[in-house]
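J.: Requesting a structural model of the entry that follows:
(2 chains)
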Amino acid sequence: KAGVTQTPRYLIKTRGQQVTLSCSPISGHRSVSWYQQTPGQGLQFLFEYFSETQRNKGNFPGRFSGRQFSNSRSEMNVSTLELGDSALYLCASSPLANPTDTQYFGPGTRLTVL
Amino acid sequence: EDQVTQSPEALRLQEGESSSLNCSYTVSGLRGLFWYRQDPGKGPEFLFTLYSAGEEKEKERLKATLTKKESFLHITAPKPEDSATYLCAVQIARDDKIIFGKGTRLHILP
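T.: Numbers count the residues shown, from 1 in each chain, chains lettered A, B, ... in the order given. Purely as a prediction, here's the structure:
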């Protein structure tokens, strides 16, 4: 069974630009969560989708948004990029409605903002 | 304020030297506590979920326990391949939000 895939793996952008990251969950998984990981703040929860509905959202500004498609694939978008948005963005999928129970993480997208 | 604190930040052990990692939490109602392992350059790998005080779970050389204030990840007779960062996270009952600790970097020397 294929794992969670994230594209692209690496990305370099400049301040003010916007970026879209993609996540394909494990087949049959309906829950997708997004996290930001930085050396200073650690792992921080961004949002969680289940069956195309955002069920939960972390404490991030409105520049961070996401969506989930009918095939459970998910995208997150960051607009007006800031230097502080440089981070590893992780996606996790789960077969269960409670996403943190047995989540499977992808390898992440490393975003660098110059 | 809801908070999760892991200690120590880093730990170096000799192969076979057992020890424990700590995750203390202050949250307004716990829905669940989770342990993950993360290797460099990879996403976290799920290890355990604990839901109530007194609960214990085991997997190979790892054992997780939970009290009303903290959780311990006990590692028995570790091997070099157990070297990784171990992350603890809690899910808050009030709003299902998830908070991660900063992690403990564990290094097992052969």
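
J.: Report the closest residue of chain A relative to chain B.
T.: residue A:105 (3.1 Å; C-beta to the nearest C-beta). Glycine gets a C-beta too; all of them are placed from N, C-alpha and C.

J.: Can you name the residues that contact the nearest residue to that residue once chain neighbours are set aside?
T.: With sequence-adjacent residues excluded and distances taken as C-beta to C-beta, 6 or more residues apart in numbering or on different chains, residue A:105 is closest to residue B:43, at 3.1 Å. By C-beta atoms under 8 Å, 6 or more residues apart in numbering or on different chains, residue B:43 lies in contact with A:4, A:90, A:92, A:105-108.

J.: Looking at these, spot the one nearest residue B:76.
T.: residue A:105 (25.5 Å; C-beta to C-beta).

J.: quick one: secondary structure of residue B:81?
T.: Under DSSP: H, G, I helix; E, B strand; the rest coil, the three-state class of residue B:81 is helix.

J.: Tally up the residues packed near it, please.
T.: 10 (other C-beta atoms under 10 Å in any protein chain shown).

J.: helix or strand for the most centrally placed residue in chain A, which one?
T.: Taking C-alpha atoms, centre = their mean, the centroid of chain A lies closest to residue A:34, which sits 3.2 Å from it. Per DSSP states H and E, residue A:34 falls inside strand A:31-38.

J.: what do you get for residue A:26?
T.: Applying DSSP H and E, one finds residue A:26 in no helix or strand.

J.: helix/strand/coil for the closest residue to it other than its chain neighbours?
T.: Of all residues not flanking residue A:26 in the chain, residue A:93 sits nearest, at 5.2 Å (C-beta to C-beta, 6+ apart). Of the three states, residue A:93 takes strand according to three-state DSSP.

J.: Residue A:93 and residue B:22, how far apart?
T.: From residue A:93 over to residue B:22 the distance is 29 Å, taken as C-beta to C-beta, to the nearest Å.
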